[in-house]
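Colleague: return a 3D structure for these sequence lines:
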Amino acid sequence: MNDGPMVEWQEAGAGRSARWRSGAGHAPPRRVVLTDDTLSADRAWHLACEGTAMLWVGDWQNARHLLDAMKRRVDAKSGRRRRPHGGSDEARETPSAQAFHVYRQAQAQRAHTLGMLLVGLDGDDGIPLRRAPELREAIREAWGAPDGAPSVASLRELLGVVGAHEWRRKGVPIPALAGAGYDRIHPHYGVFSPVRGEYVDLVARAPLPTDELAFDIGTGTGVLAAVIARRGVRRIVATDVDPGAIECARDNLVRLGLADRVEIVGAGLFPEGRAPLVVCNPPWLPGRASSRLERAVYDEGSGMLRGFLAGLRAHLTADGEGWLVLSDLAERLGLRTRSQLLEWIAQAGLAVIDRLDTQPRHGKAHDADDPFHAARAGEVTSLWRLRSVVPATTD
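Modeller: Model (predicted):
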């Protein structure tokens, strides 16, 4: 019998319930009403804003159209794609931490409101709605095998599952892996996709200090471990604390023919021992992740970044290098200062021996309507080459 979170509603005067499904870790709604094709978009939007979720029992395509209509109303009401606070040109040109936090709160509220349109799944992950597509494979990739019990999920999140399935099926081409066989990375649901290839390119062109052994900290899809292996490093130990990321990295390294050279371990942050090269690409923005899916973007209190820097000396060989791959977007948004970063590096007994920089190529960097366009357009992603000032002693 399922002991997870449940969704409850009234149907034909009787109480009904089903298991709640959310790969993002969102809590189930407290109030749920049945709705169908007769529900107007205005009424749906008002119910969602009041905190009432709508369990759809009509046509699948009509549910999608309704969700799109709700998005238009939410965005019109909130002024989405306008400047932070709906404010001035100055706010857009000089973004602040406060403006960014307000923007994140608005985005979280938007997601919460749009997540109020629900659909049911049968015990085999089928969708018992008219014109519903076959989505069992995508659902099971994201949420695991069904347990035979009916369930309920947010339509918005379910569509995200479908999108993640397509990314996983097609893969993301990685230019740094081209020319030596297969060159795609297949991100799994909930694992950060390497669509921003500039940081991968930095790892592909930085001068290698070794061809023997490297550690890849927080490997995610395994893309950086794969690039280092393709560059000739004979053995890589890659770590991650997320079981989904570990599965994803192993899958990708098998596809790339590199599984015999890269060991994936579910360690804390570092594996045991020392290496002449230790690479880390932590989440770039300090802040609390509001869902499991945001953990690759937000690093509360810069915890992973600071943990990597603090532990690096103890895991480097005497002449080894640490590669920290990090964007300065947090600095441009007022969330962290360059002096803080340099202070953490110095406190860890490390010195910067070089820094490789690159400009962003993603769409938001060129979108003048983005509320943080100035910060994104000026963003610089860097590979910091670090070395111990005094090598750590062996216990």
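Colleague: quick one: residues in contact with the helix or strand hosting residue 44.
Modeller: Per DSSP states H and E, residue 44 falls inside helix 41-49. With CB atoms under 8 Å, 6 or more residues apart in numbering as the contact definition, helix 41-49 has outside contacts at 33, 35, 53-54, 66, 69-70, 73-74, 113-114, 116-117. For every residue, glycine as well, the C-beta is placed using N, CA and C.
Colleague: all helices of the stretch 101-250 of the chain, in order?
Modeller: Taking DSSP state H, counting those that start in this stretch to define them, one finds helices in the stretch 101-250 of the chain at 136-143, 155-170, 198-205, 223-230, 243-255.
Colleague: give me the angle between the fourth one and helix 198-205.
Modeller: Helix 223-230 runs at 20 degrees relative to helix 198-205, counting by axes from the mean of the first three to the mean of the last three CA atoms, to 10 degrees.
Colleague: residue 208 against residue 230, yeah?
Modeller: No: Residue 208 is beyond contact range of residue 230, at 11.5 Å (criterion: CB atoms under 8 Å).
Colleague: who has more neighbours, those two?
Modeller: residue 230 (21 against 15; other CB atoms under 10 Å).
Colleague: next, the contact list for the more buried one, please.
Modeller: Applying CB under 8 Å, 6+ apart, the residues near residue 230 are 176, 177, 180, 256, 258.
Colleague: separation between the closest residue to the last one other than its chain neighbours and residue 13?
Modeller: Pointing back at residue 258 there. Nearest-residue entry for residue 258: residue 229, 4.7 Å, with adjacent residues in sequence omitted and distances by CB to CB, 6 or more residues apart in numbering. Computed with CB to CB, to the nearest Å, the distance linking residue 229 and residue 13 is 63 Å.
Colleague: do residue 342 as well
Modeller: 66 Å.
Colleague: so for the two, which residue has more residues nearby?
Modeller: Regarding residue 342 and residue 13, a neighbour count based on other CB under 10 Å identifies residue 342 as having more, with 12 against 5.
Colleague: for that one, which non-adjacent residue is spatially closest?
Modeller: In this structure, residue 342 finds its nearest non-sequential neighbour in residue 352, 7.8 Å apart by CB to CB, 6+ apart.
Colleague: rewinding a little: hmm, residue 259 and the residue nearest to residue 258 touching each other?
Modeller: No: between residue 229 and residue 259 there is no contact under CB under 8 Å: 9.9 Å.
Colleague: which of those two has more neighbours?
Modeller: Taking other CB under 10 Å, residue 229 and residue 259 do not tie; residue 229 has more neighbours (26 against 17).
Colleague: might you report the residue contacts of the more buried one?
Modeller: So residue 229 contacts 236, 258, 261, 262 (CB under 8 Å, 6+ apart).
Colleague: show the subsequent helix or strand relative to the lengthiest strand in the chain.
Modeller: Longest strand in the chain by number of residues (criterion: DSSP state E): strand 316-327. Next helix or strand after strand 316-327 toward the C-terminus (DSSP H and E): helix 329-332.
Colleague: next secondary structure element downstream of that next one?
Modeller: helix 338-347.
Colleague: what is that next one packed up against?
Modeller: In terms of contacts (3 or more CB pairs under 8 Å, 6 or more residues apart in numbering; DSSP states H and E), helix 338-347 is packed against helix 303-312, strand 350-358.
Colleague: possible to save the ones you listed as JSON lines with distance to residue 199, mean pLDDT and mean neighbour count?
Modeller: As requested, those are arranged in JSON lines below (distance: least, CB to CB, whole Å; pLDDT from 0 to 100; neighbours: other CB atoms under 10 Å):
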{"stretch": "helix 303-312", "distance to residue 199": "14", "mean pLDDT": "97", "mean neighbour count": "20"}
{"stretch": "strand 350-358", "distance to residue 199": "8", "mean pLDDT": "97", "mean neighbour count": "14"}
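Colleague: out of those, which comes closest to residue 281?
Modeller: When the helices and strands packed on helix 338-347 are compared by CB to CB, helix 303-312 sits nearest residue 281, at 9.7 Å.
Colleague: what angle sits between that closest one and strand 316-327?
Modeller: 160 degrees.
Colleague: tell me the buried residues in the helix holding residue 44?
Modeller: Residues of helix 41-49 classed as buried by neighbour count (16 or more other CB atoms under 10 Å): 41, 44, 45, 47, 48, 49.
Colleague: let me have those in TSV, extended by pLDDT and distance to residue 305.
Modeller: Below are the buried residues of helix 41-49 laid out as TSV (pLDDT from 0 to 100; distance: CB to CB, whole Å):
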residue	pLDDT	distance to residue 305
41	95	43
44	97	42
45	94	40
47	97	41
48	96	37
49	94	37
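Colleague: and of those residues, the nearest to residue 141?
Modeller: residue 48 (27.9 Å).
Colleague: against residue 35, how distant is the closest one?
Modeller: In terms of CB to CB, residue 48 sits 11 Å off from residue 35.
Colleague: any residues in contact with both of the two?
Modeller: Common neighbours of residue 48 and residue 35, using CB under 8 Å, 6+ apart, are residue 54.
Colleague: model confidence for residue 297, exactly?
Modeller: According to the prediction, residue 297 has pLDDT 88.
Colleague: next one: residue 293
Modeller: pLDDT, residue 293: 74.
Colleague: excluding residues flanking it in the chain, which one is nearest it?
Modeller: With CB to CB, 6+ apart, the residue lying closest to residue 293 is residue 24, at 5.1 Å.
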